[in-house]
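>>> give the three-dimensional model of this entry:
(2 chains)
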Amino acid sequence: MKKREIQSKLVYYGPGRGGKTTNVLHLFKTMSRQVCGKMVTIDTRGDRTLFFDFLPLSIGKIMNLNIRIQVYTVPGQVLYNDTRKLVLRGVDGVVFVADSRRGKIEENIESLENLKENMAEYGLTLQTTPFVIQYNKRDLEDIHTVEELDRALNSVKAPTVEASALTGEGVFPTLKKLAGMVLENLNQRQASSAMRPRMLAKEPVAAGVREEAPAAPPAPRRVVRAAAEPPAVVKEQVATGVKPVERRAPRVAPRRESVSRRAAPPPKAQAKRPAGGNRALLYIVVTLVVLGGAAAALYYTGVLGRLLG
Amino acid sequence: MSDSKCIMLIDREGYMVTKTGHTEDFDMQAISALVAGSYAATREMARLLGEEEFSVLFHQGKRDSIQLTLVGDRTILATVFDERTTIGMVRLYAKEASQKLDKLFEDISQREDDGSEHIGADFAKTAKDQMDAVFCD
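Numbering: from 1, shown residues only, chains lettered A, B, ... in the order given. Got it, this is the predicted structure:
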């Protein structure tokens, strides 16, 4: 049975201590469990994000398509640029969480420039990717005005949202705005792709779609997943590796077997279904061992000496 | 064949493509995202060491272990197994499965789009209405 699904990846980007994780945390705390999955954070002891935060959202069905949104944040600290780049891989939409406090404008600009550079590595630009700027920390007193922030940060004329992630104000509007843009973008990309499917078929980022759904549209990046239930052939291949656990008798062997011992698969099992190359190798090894054993036995019993004269 | 607990096929952006076996106990979406992250980080590590990439990753636990095998250059085959099998068995069959899947994906990517999976034109509008319902404060 085919399962049609749209998955999109949204990334919260911005300077360190800007409130990216707080945004996602607010979503996690306030959304219903049916919509929002388990939040994963990889942070340092001081609550600074080390790798990323991750929150899966399941929006429900739209026109018979399951909509799933994966929300990621990046580590804001300057030294983690490699990690930020990795999280941006395959991104469908970006929220830039800007710190509205006075004295933070340089950090904001630096982070925005960094975002542009990292997106360029994947062939993306802020103009062509759904992009929303969130002016965060509006509840504090010593902050820049929206006009000042716009002048400094919003040269691409992206939609902006005023927010206070700590109180939750503006958090949902930001996500709603971006998610809407991503889905609209998907619609547009598909419309344009109908005219040039062959060209887009070579697009390197368009990952998952064609793999699991042969007839899926080539344009939206990995978006329409038409077969989460694997296609017949995939199922057969994958199934070779797994057996239901109940069917097996528990092993008596001690649990703490060393890796090196465990690394050698039992020859009997290997002989059951080895690959073509392995089988030939196995035969050669077995033949050599048998010949060697026979020669040794003959030598020790003195038979070999007599035979050789 | 390898007596593993479950197998997941995950793409490198962190989406789970499909799964099989006993997966009820696990949060598959979170695992997929972390596997992709872990793989991406390991790839960078490999590059720093002068390798193109590490095609197999293995994390050993007290009870369960996980082996990650690269399939082609876009997907990862994650095998979760416990003490009822050995890493050798898992490795053997994962390698074989990975090669077959790679070939399969290669064949699929050659096929032409027949348009049957295209989403409708008014999709964006319907989606916006749904967003309003889900993201209300």
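
>>> restricting to C-alpha, output stretch A:32-48 in CSV.
The C-alpha coordinates for stretch A:32-48 follow below in CSV (Å, rounded to 0.1, in the frame of the first residue of the first chain):
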residue,chain,number,x,y,z
SER,A,32,-0.7,18.9,21.4
ARG,A,33,1.0,15.6,21.5
GLN,A,34,-0.8,14.5,18.4
VAL,A,35,0.9,17.2,16.4
CYS,A,36,4.2,17.4,18.1
GLY,A,37,6.6,14.5,18.5
LYS,A,38,9.5,14.1,20.9
MET,A,39,12.0,17.0,21.1
VAL,A,40,15.7,16.1,20.9
THR,A,41,18.4,18.5,22.0
ILE,A,42,22.1,18.0,21.9
ASP,A,43,23.5,20.7,24.1
THR,A,44,26.5,21.4,26.3
ARG,A,45,26.3,21.6,30.1
GLY,A,46,25.6,25.3,29.9
ASP,A,47,22.4,24.8,27.9
ARG,A,48,24.1,26.0,24.7
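
>>> how about it, does it reach chain B?
Yes - with C-beta under 8 Å from any C-beta of the partner chain as the threshold, stretch A:32-48 lies in contact with chain B, specifically through A:35, A:37-38, A:40, A:42. In short, each C-beta sits where N, CA and C put it, glycine included.

>>> got the buried residues for that stretch?
Residues of stretch A:32-48 classed as buried: A:36-37, A:39-41 (neighbour count, 16 or more other C-beta atoms under 10 Å in any protein chain shown).

>>> what residues does it touch?
Residues from elsewhere that reach stretch A:32-48, judged by C-beta atoms under 8 Å, 6 or more residues apart in numbering or on different chains: A:16-17, A:21, A:24-25, A:27-28, A:49-60, A:75-77, B:27, B:29-30, B:33-34, B:37, B:134.

>>> what do you get if the cut-off is 6 Å, keeping everything else the same?
Contacts of stretch A:32-48 from elsewhere in the structure, counted by C-beta atoms under 6 Å, 6 or more residues apart in numbering or on different chains, are A:28, A:49-51, A:53-58, B:27, B:29-30.

>>> need those in CSV with neighbour count, secondary structure and distance to A:Val11, can you?
Below are these laid out as CSV (neighbours: other C-beta atoms under 10 Å in any protein chain shown; DSSP: H, G, I helix; E, B strand; the rest coil; distance: C-beta to C-beta, whole Å):
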residue, neighbour count, secondary structure, distance to A:Val11
A:Phe28, 17, helix, 16
A:Thr49, 23, strand, 12
A:Leu50, 14, strand, 16
A:Phe51, 24, strand, 13
A:Asp53, 25, strand, 10
A:Phe54, 26, strand, 10
A:Leu55, 26, strand, 12
A:Pro56, 23, strand, 14
A:Leu57, 23, strand, 14
A:Ser58, 16, strand, 18
B:Asp27, 14, coil, 20
B:Gln29, 22, helix, 16
B:Ala30, 18, helix, 17
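
>>> among those residues, which two are most distant?
Maximum pairwise distance in the contacts of stretch A:32-48, criterion C-beta to C-beta, is 26.4 Å, between A:Leu50 and A:Ser58.
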